[in-house]
Every structure is written in C-alpha cells, then in structure tokens.
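Q: Using only what follows, build the 3D model:
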Amino acid sequence: MDVTHLAAVDSSRAARVLSEVRSARLAGQPAPVAPRPVIERSWERMLRGGVDPDHDFRADPLSREEVQRRRETSVLRHVLPVLREGLLAAADVAHHIMVVADEDGRVLWREGSPPVLRKADGLGFELGADWREDVVGTNGVGTPAVVRRPVQVFASEHFVRSQAGWTCAGAPLTDPRDGRLLGVVDVSGPLETMHPATLAWVGSVAKLAEARLREMHVESLERLRAVAAPVLARAGVRALAVDPDGWTAAVSGMPYVRRVALPKSLSAGPRWLPALGLCSVEPLAGGWLLSAAAGEPVPHGPARIVLDLRQARHWSVEVHGGAGSWARELSPRHAELLYLLAVHRSGRSAAGLAGDVFGDPARTVTVRAEMSRVRRYLGAFLEHRPYRFAEDAEVEVLLPEDPRHLLPHSTAPAVSRRRGSASPP
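A: This is a model prediction of the structure:
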C-alpha cells in the first residue's frame, strides 16, 4: 500500500492505518501492512537508541543570542533567498511552514503560516529546538540528516506519539564541494495538508540551494584568483593561492592540485604541509598564498601510500612523494576505513562503507564524520563521491603473516570476511 497516495485521497484513513502499523510494531506483533523501508529502519534505530515512543523529550532550546550567532556563521544564510522563493509562497497557501535547521539539528529559521507556527510551538518545533532523530524520534528534520536524502514523514510514521498529527517533508542541504552536511530544509504542517508531491518539491528546492552554493564557491575562487594573479607574477617563485578550505584558485611554477589539505588552524609563517613540504604561508584577501621554500621539492607525479597493518595496535600510513615522506599512526577505525578503500580501489559510497564497517548502510553520518577526519591528513590523496584513493596513487598494504591477525579487534563485517585471505588487495 502506498500510504503517501492514500493520504492525499483520505488522510484520516491513512493516519488510522499507520497508527495500527506503529502500534503493532512497537508491540512486536505482525503489522497489517509493512511500513515504508526508510521509516522501518528509522524506527529500528529509535528502538536501539531507547527513544521513548509515548513521551516526547524536549532538549532545552538555544538562547536567542545563540540562535543569532549560529545564523550569522552558518553557510545556509546565503541560500535563504533561494529557499524562501522556492518554498514560502506555496507553503503559506497550503498551510505549511518552512523550517531550516543546521547540521546539529537545531532550528535556526521558521517561516510560513502563522496558525501553523503556533501549532508547531505546541510540539516544541520552535527556534533553537533540537530535532535530531535520536532526540525526538523519526521526523522530517532529523531523519533526512541521518539517511542523507529527502524523506517524507506522515502521521504515525513519526516515532513519538505526540507528533502523529503532523506531516513533514525534509531534504538535506550539503556542501557541494565536499559533501559535508550543512543542515536540513523541511516543510511541515497539520495532517490534512499532506500531499505526495511535497517531497519532490522540497528536494528540488534543496538542489537549487546547493547549486547556488556551488556558484558562490566558483565566484569566490575567481575573486581570489584576481587578487593572487599580480602577487604570483611578482613573486617569481613556485606558489599557489588557495581559499581558507584549501581549494586552489591560482598556481604558478608548479603542478596544479585541486585542493590542498590545510591544518585546522593555519597562520602565516613557515609551515610543513603534507602535499607541499616546507612552504611559506602568507595571508591573501580571501585565502592564503603558499610558496614553496627554496630548495624544497614540489609534488610531482604519483604518490606511493603504504598502509601498514602488520602489528596489532600499531597501524600506520606512510606517504612517499615529491614533497618528501611522512607517516601517521592510525586509530582502529581509520585503519579499517583505509584498508577497505585499498581493497575497493574503484571507491565506496558512504552507505557502502557503513555496511562494511557496521553492517548497517544507514549509519552514513558516522562514516562521513570519520572520513572527514581522515581527509584532514590524507585529503590530497583521497577523493569522495565515492570515497576512494586518488587514481594516480600507488597503494600498498602490508598485512600480518597470519590472516587471522588482520585488525584482530575489528568487528567490521567486511574485515571479518577478509581475515581468511592472506593476499594483499
């Protein structure tokens, strides 16, 4: 049964059916119809996490000052005009509200029908509220953030009973440069306002917002390129200009690299960077000028990456390239992830890695967070969408002599399956 289409025809009947489905599942009994897969997986996460289905929990909302601070620092403030133009006029007519939350699930903006806004207040769906899935259950803000795709949640598809009179459709907003979650845009309203086309509508507007972010990034690189051009021409050294996130705007006298992995806190002066070796760092309007130090090699040609998994609890990655060599000790989780990427040179999606490591493809948020940490030190040699080693990188894996000692404490299903093979990938 397609509940979303039934709800468009008879929302009351659809709500009754979903209430029966929810009650049966919570009681461990056969349900009259199966819940939609995205909803069923969310309910399973709620049950594992101990979310109370009959009593809503409301974390303290952020103060007005903190909401304002987050608004001023959130990248999402730049796409509010796109979201408002695409959603607000129709939402107001349809008795909906538009809600924009940040990557932490905190509501930063709420606009739309005044009567619906008042109803949302009664649910705790207010400015500064925490609507993460593991806090308030299956919903149109928290669930899209977990599964990283648009999700519609209708009536008793909400895990917590108090939200059963509500309908929501939310879509994640991601940074088009690196896939990082920026937040979620959601359109919500009373039960009777549900329409099956709402999900596609919200998802399309979210894509328009991401396209605007992509345009803004290109524009910022063009401005930085204009600032850097005369500096590079006068400097006469091997150098490149990058934005604060390491994206290259201009290069002189050295091979082009798309992005340079920068430390979290970068300051002017001599610095050693994995992709460049020793270099001089100078601030530019909108970024940094990275100049190769005299006599220092500049990266050229493919890098050689050695993943050493021979000794338990002493796993490491070594990088050998034109800028010299360096090594880093790995945590158990990073050792697992890099081993799996070495095995799958064509790449793995976040869902694929989540299945490999946790046996649960839905745990993409955890995987993306860990891969973000890996990319801080291996960013020059890793790609994403899917996650993979750079095509021109030579990757060697050193395995223990006894395959049973491969990451012995790992419970990752994919690693367990490979303990029976002694051959490196």
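
Q: worst-scoring helix or strand of the protein, pLDDT-wise?
A: Using mean pLDDT, DSSP states H and E, the weakest-scoring helix or strand in the chain turns out to be helix 3-9, at a mean of 64.

Q: Which residues does the helix or strand just after it contact?
A: Sequence-wise, the next helix or strand downstream of helix 3-9 (DSSP states H and E) is helix 11-26. Around helix 11-26, the neighbours that count as contacts under Cβ atoms under 8 Å, 6 or more residues apart in numbering are 1, 3, 6-7, 30-35, 40, 43, 53, 154-157, 159, 164, 191-192, 194. For the C-beta atoms, the positions are set from N, CA and C on the backbone; glycine is no exception.

Q: same deal with stretch 270-290?
A: In contact with stretch 270-290 (Cβ under 8 Å, 6+ apart) are residues 220, 223-224, 227-228, 231-232, 235, 239-244, 249, 257, 260-263, 266-269, 291-293, 296-299, 319, 323-324, 326, 377-380.

Q: Any idea how far apart the tips of it sit?
A: Start-to-end span of stretch 270-290 (Cα to Cα, to the nearest Å) is 9 Å.

Q: quick one: that stretch to chain centroid distance?
A: 27 Å (Cα atoms, centre = their mean, to the nearest Å).

Q: buried residues in that stretch?
A: 271, 273-281, 284, 286-290 (16 or more other Cβ atoms under 10 Å).

Q: Tell me the one among those nearest to residue 123.
A: When the buried residues of stretch 270-290 are compared for distance to residue 123 (Cβ to Cβ), residue 286 comes out closest, at 42.2 Å.

Q: Pretty sure residue 245 sits against residue 177.
A: Yes: using Cβ atoms under 8 Å, residue 245 is in contact with residue 177, at 7.1 Å.

Q: quick one, strands of the stretch 151-300 of the chain?
A: Using DSSP state E, counting those that start in this stretch, the strands found in the stretch 151-300 of the chain span residues 151-154, 166-174, 181-190, 239-242, 248-252, 269-273, 277-284, 287-292.

Q: which secondary structure elements does the third one contact?
A: Right, the one you point to is strand 181-190. strand 97-102, helix 114-123, helix 142-147, strand 166-174, helix 198-235 (3 or more Cβ pairs under 8 Å, 6 or more residues apart in numbering; DSSP states H and E).

Q: where does this structure have low pLDDT?
A: Scanning the chain for pLDDT under 70 picks out 1-10, 92, 274-275, 294-302, 321-325, 380, 420-425.

Q: Select only the buried ones of the contacts of stretch 270-290 in ChimeraX?
A: Entered in ChimeraX, the line below selects the buried ones among the contacts of stretch 270-290, by 16+ other Cβ under 10 Å:
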select :220,224,227,228,231,232,235,239,240,241,242,243,249,257,260,261,262,266,291,292,293,296,298,299,319,323,377,378,379,380
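
Q: picking that back up, now tabulate the helices and strands packed on strand 181-190 in TSV and tack on distance to residue 135.
A: Output for those, formatted as TSV (distance: least, Cβ to Cβ, whole Å):
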stretch	distance to residue 135
strand 97-102	12
helix 114-123	13
helix 142-147	7
strand 166-174	15
helix 198-235	22
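
Q: residue contacts, residue 310?
A: 398-401.

Q: So what's the residue count around residue 303?
A: Around residue 303 there are 21 other residues, counting by other Cβ atoms under 10 Å.

Q: from memory it sits against residue 318, does it?
A: No: judged on Cβ under 8 Å, residue 303 makes no contact with residue 318 at a distance of 10.3 Å.
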